[in-house]
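Peer 1: next input, structure requested:
(chains A, B, C and D)
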2 protein chains.
Amino acid sequence: MKKTLSSNPNIRLVQSKQDCGHCDIEHLCISAGMDEDSEEFNEIVKTSDSFDARERIFKRSDTVTSLYVIQSGAAKSQTTNADGRHQVVGFYFPGDLVGIETIAIKKHPCDVFALEKTWLCEVPFEKLEHLCAEHPSLQHEMFMRMGERIYHDEYSCLLRRDETADKRVLSFITELYKKLEGSKYIKGTSIHLPMTKTDLSSYLGLQPETLSRTLKHLQAKGYIVNSASQIEILDFEGINQVVEN
Amino acid sequence: MKKTLSSNPNIRLVQSKQDCGHCDIEHLCISAGMDEDSEEFNEIVKTSDSFDARERIFKRSDTVTSLYVIQSGAAKSQTTNADGRHQVVGFYFPGDLVGIETIAIKKHPCDVFALEKTWLCEVPFEKLEHLCAEHPSLQHEMFMRMGERIYHDEYSCLLRRDETADKRVLSFITELYKKLEGSKYIKGTSIHLPMTKTDLSSYLGLQPETLSRTLKHLQAKGYIVNSASQIEILDFEGINQVVEN
DNA sequence: CGAGGCTTTGAGGGTGATCAAAAAGTGTGG
DNA sequence: CCACACTTTTTGATCACCCTCAAAGCCTCG
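Peer 2: Sure thing, here's the model as predicted:
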């Protein structure tokens, strides 16, 4: 049986990763919202075992009572349509919250898969709520996180809806570049992509063939250099002009 | 000068609407999340003057420091692209929160227009945060509201992205029917639409012509009856089959 | 009653989907 | 380390859906 966080409540804790004080993404975590030292936060957090690439982290319809923070690695969430086709809903990187889309409906609307070796922190939602009530700064951080997510969803969604394949691809690339700046996914002007091109095409609402052709054509125009799991940005200026219009 | 809530801080209060205890959508308001009587909530809420149909409620880039609850009426939010075309991002009905998409960026990403005579309640966000910290049930209500919105955004977006015009239109109709059930917008199996068909087409990511043709064709198939500002649902069963596949 | 926006209808064109198949990459086990 | 199976990506050809442009009717509101 595959382990998933929700089917296996007795998660093997990785003690060395347990202490928030030693976490290397502390500044990206919601605990960064706490004024005082995050000792209390540390106490409610559980650290999960790691997940290998392609391993399922959450199963659709699983009951959720926690939020999860990506500590290291990357993940994708995807649904399966009635006719069996998959659709990628989002990608998650270190510091991102997995599960705020579930707190109202209390179950995963999607399967979530690790894209590479990935570690998560589990934050039991009910305990988080209590802590939020005692620490206004943490409550504020949560509101801000959720507000950002709503803003992003409503705008990235919009963006992609009516735009051409060129624009969708270019704006995805530049947004991701900004988001991951300073992380191990960025080397100079190159972005390492942990997801497959097929996943990316699904996320962008395109067919794999269309994404392939689009990347080729964007490379021919000199905007980017496309390779297996990496995209190099050549012409930020030119890309911005395409995206803005 | 057009009055907007944010350009005119000295809002004329409508005293008769001021008291939360007499609000006819109290059960839809975030104050419904409060265990005790909502006296304290009542104290922080400001009620705005009403807005006429087509009147602008918020201007894009306006600074925001409050959330707003639609007390009565309906509104749309829309952006303007670089090339001047408008794009409708969302519709708001009684009980809906306008402004949670702004709390992280602190300004309106969109213009918001009244679709008909509309009343709003203003809830200063900072005061709301303080109240949330004192009343865990209110904090919980806010988390649930935001979680629902994220869930809806990520799913309605998904839904519309790859689906045919038929599916987009039918799922919009049935979702709206469910959402507005029991309100004045629903009479039997008919939905009154406060927005224009052009607004709706924009929201659905279609051209007005395409929406017009789609509605005609869905009527020919016997799913709905289409008229000026009303859509009657004839075949719930059949519609579900179309949407699910 | 007139002006303006909204909706409908028609004809033609383009972007991206679909289908098919080859090429390249990835992981596994011997 | 290589061979094999499998997945992912690419390429090509054709097609469908929706967009675009144009214009006429319709409704709403001043």
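Peer 1: domain-wise, how is chain A divided?
Peer 2: Residue ranges for the domains of chain A, per automatic domain parsing: A:3-159, A:164-244.
Peer 1: ok, is the shortest one in contact with DNA strand D or not?
Peer 2: This points to domain A:164-244. Yes - counting by Cβ under 7 Å from any atom of the strand, DNA strand D has neighbours in domain A:164-244: A:196-199, A:208-209, A:211-213, A:215-216, A:226, A:228. Using the backbone N, CA and C atoms, a C-beta is placed for each residue, glycine as well.
Peer 1: OK, contacts around residue A:192?
Peer 2: A:184-186, A:229-230 (Cβ atoms under 8 Å, 6 or more residues apart in numbering or on different chains).
Peer 1: what do you get if the cut-off is 7 Å, keeping everything else the same?
Peer 2: Contacts for residue A:192 (Cβ atoms under 7 Å, 6 or more residues apart in numbering or on different chains) come out as A:185, A:229-230.
Peer 1: check residue A:30 too.
Peer 2: So residue A:30 contacts A:69, A:97, A:141-142, A:145 (Cβ under 7 Å, 6+ apart).
Peer 1: and the contacts of residue A:192, which is closest to chain B?
Peer 2: When the contacts of residue A:192 are compared for distance to chain B (Cβ to the nearest Cβ), residue A:185 wins out at 22.5 Å.
Peer 1: gap between stretch A:94-104 and the chain center?
Peer 2: Relative to the centre of its chain, stretch A:94-104 is centred 9 Å away, using Cα atoms, centre = their mean, to the nearest Å.
Peer 1: what sits up against that stretch?
Peer 2: Against stretch A:94-104 from outside (Cβ under 7 Å, 6+ apart): A:25, A:28-30, A:64, A:66-72, A:75, A:92, A:108-109, A:112, A:125, A:145-146, A:149, A:183, B:143-144, B:147-148, B:150-151, B:154.
Peer 1: show me what counts as buried in stretch A:181-192.
Peer 2: A:185-186, A:190-191 (16 or more other Cβ atoms under 10 Å in any protein chain shown).
Peer 1: stretch A:160-171 too?
Peer 2: Neighbour-count burial for stretch A:160-171, counted by 16+ other Cβ under 10 Å, picks out A:160-161, A:163, A:165-171.
Peer 1: near chain B, which of these show up?
Peer 2: Here is what survives when these are matched to chain B using Cβ under 7 Å from any Cβ of the partner chain: A:160-161.
Peer 1: show me where chain A has its helices.
Peer 2: A:15-18, A:39-44, A:125-134, A:136-162, A:165-180, A:197-203, A:208-220, A:236-244 (DSSP state H).
Peer 1: for the second one, buried residues please.
Peer 2: Residues of helix A:39-44 classed as buried under the neighbour-count rule (16+ other Cβ under 10 Å) are A:40-41, A:44.
Peer 1: quick check, nearest of these to residue A:51?
Peer 2: Residue A:51 lies nearest to residue A:44 out of the buried residues of helix A:39-44, by Cβ to Cβ, at 21.5 Å.
Peer 1: ok, for that closest one, nearest residue in space, not its chain neighbours?
Peer 2: For residue A:44, ignoring the flanking residues on the chain, the nearest one in space by Cβ to Cβ, 6 or more residues apart in numbering or on different chains is residue A:127 at 4.2 Å.
Peer 1: distance of the one you found from residue A:46?
Peer 2: Per Cβ to Cβ, to the nearest Å, residue A:127 is found 10 Å from residue A:46.
Peer 1: the residue most central in space within chain A bridge partners, please.
Peer 2: The structure's chain A has its C-alpha centroid closest to residue A:92; by Cα atoms, centre = their mean the separation is 1.1 Å. Beta-bridge pairing of residue A:92 under DSSP bridges involves residue A:75.
Peer 1: hmm, it is touching residue A:75, no?
Peer 2: Yes - look at residue A:92 against residue A:75 with Cβ atoms under 7 Å: they come within range, at 4.5 Å.
Peer 1: below-threshold pLDDT in chain A: ranges please.
Peer 2: A:1-19, A:21-22, A:35-38, A:82, A:159 (pLDDT under 70).
Peer 1: residues in contact with the nearest residue to residue A:211 once chain neighbours are set aside?
Peer 2: Distances taken as Cβ to Cβ, 6+ apart place residue A:201 nearest to residue A:211, at 3.8 Å, with adjacent residues excluded. By Cβ under 7 Å, 6+ apart, the residues touching residue A:201 are A:207-208, A:210-211.
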